[in-house]
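# Just need the structure, nothing else, for what follows:
(one chain, ligands or ions: 1)
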Amino acid sequence: MTSPFAFTRALCRTPAPSAVNGIRAGGGPDPDFDTLAAEHEAYVATLRELGLSVDLLPALDAFPDALFTEDVALTFPEGAILLRPGAEARAGEVAHIRDALAARHRVLLEMTGPGHVEGGDVLRLADRIVIGLSDRTDRAGATELAGLLERLGYRAEVAVTPAGVLHFKTGCSLIDARTVLAVPAMRDCPEFAELEVVLTPPGEEGAANILRVRDTVLIGETWRATQALLAARGIAVRRMATEHVARIDAGLSCMSLRW
Ligand code: CIR
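Residues are numbered from 1 along each chain as shown. This is a model prediction of the structure:
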């Protein structure tokens, strides 16, 4: 096992104009494409500034959500795994990332089904990996993925994502090797029993999808109380604009595959 945030590389995908039609559970205003593209560009620039070598795949107009590369694969220094997204509209994205992963990883494993897993439901901890069951990730998928992870040397546990939370990581993220930031509904997640759980402050449940990259935590710019809470713990915080990606139910981890 290697550190869960000492990344050196990332794989992102340029948003297509169709991204404004990305899947979303609720209503609310549509994203503005130029603003969303600017948010994505700033995200890629930040990863590069933090020392990662970032490769940018071309936009895929036929797949509005394809900029969320995190959901279709898992990447580790030991190899990569192609997943089977539970959202039907996203299943075709996998074929479009296969060659890019094969070119960058010596070992490329692949889920064959019938189950489904999306990467947003896979939380990497320092000593194991938690797969959250959700509307996008089912038990059969989690079981198959756990077997593939074992081949790469990773132990997996299966958890439950609370109802109303899109992906497991929509509601929790790693702050450091022993600490998780989580929404109150995930406070008692048994998989966090040996960790410190820091709760998102009231009204800032949307802040839970932070992204730790090396020594810095990326967080949505509007989540002031959560930023203060992290800063008080001595963590370097980078505030990112996420308003328009959030309109299609996305956050910071979704926009890259990292290893
Ligand atoms: C979807 O519903 O699939 C996209 N609109 C958002 C994906 C967000 N991905 C993530 O949380 N890992």
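
# Tell me how many other residues crowd the residue in the chain that the ligand sits nearest to.
Nearest residue of the chain to the ligand, counting by Cβ to the nearest ligand atom: G120, 2.5 Å away. To be clear about C-beta, it is placed using only N, CA and C from the backbone, and glycine gets the same treatment. Counted with other Cβ atoms under 10 Å, residues neighbouring G120 total 26.

# Quick one: neighbours of the nearest residue to it once chain neighbours are set aside, just the number.
Setting aside the residues directly before and after it, G120 is nearest to H167 in space (Cβ to Cβ, 6 or more residues apart in numbering), at 3.1 Å. Other residues within reach of H167, judged by other Cβ under 10 Å, total 29.

# H167 is in contact with R136, isn't it?
Yes: H167 lies in contact with R136 (Cβ atoms under 8 Å); the separation is 6.6 Å.

# shared neighbours, these two?
71, 118, 120-121 (Cβ atoms under 8 Å, 6 or more residues apart in numbering).

# V198 is in contact with T179, correct?
Yes: if you go by Cβ under 8 Å, T179 and V198 touch, sitting 6.1 Å apart.

# got any residues that touch both of these two?
Common contacts of T179 and V198 (Cβ under 8 Å, 6+ apart): R233.

# quick one on the thing from earlier: okay if I get the shared contacts of H167 and R136 as CSV plus secondary structure and pLDDT?
Formatted as CSV, the shared contacts of H167 and R136 follow (DSSP: H, G, I helix; E, B strand; the rest coil; pLDDT from 0 to 100):
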residue, secondary structure, pLDDT
D71, helix, 98
E118, coil, 98
G120, helix, 98
D121, helix, 98
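
# could you flag which of those are buried?
71, 118, 120-121 (16 or more other Cβ atoms under 10 Å).

# Would you check how far apart the closest residue to R128 other than its chain neighbours and A193 are?
Excluding the flanking residues, the one nearest R128 by Cβ to Cβ, 6+ apart is R155, at 4.6 Å. Distance of R155 to A193, computed by Cβ to Cβ, to the nearest Å: 15 Å.

# out of those two, which sits in the busier spot?
R155 (12 against 8).

# so the more buried one makes contact with A126?
No: between R155 and A126 there is no contact under Cβ under 8 Å: 11.5 Å.
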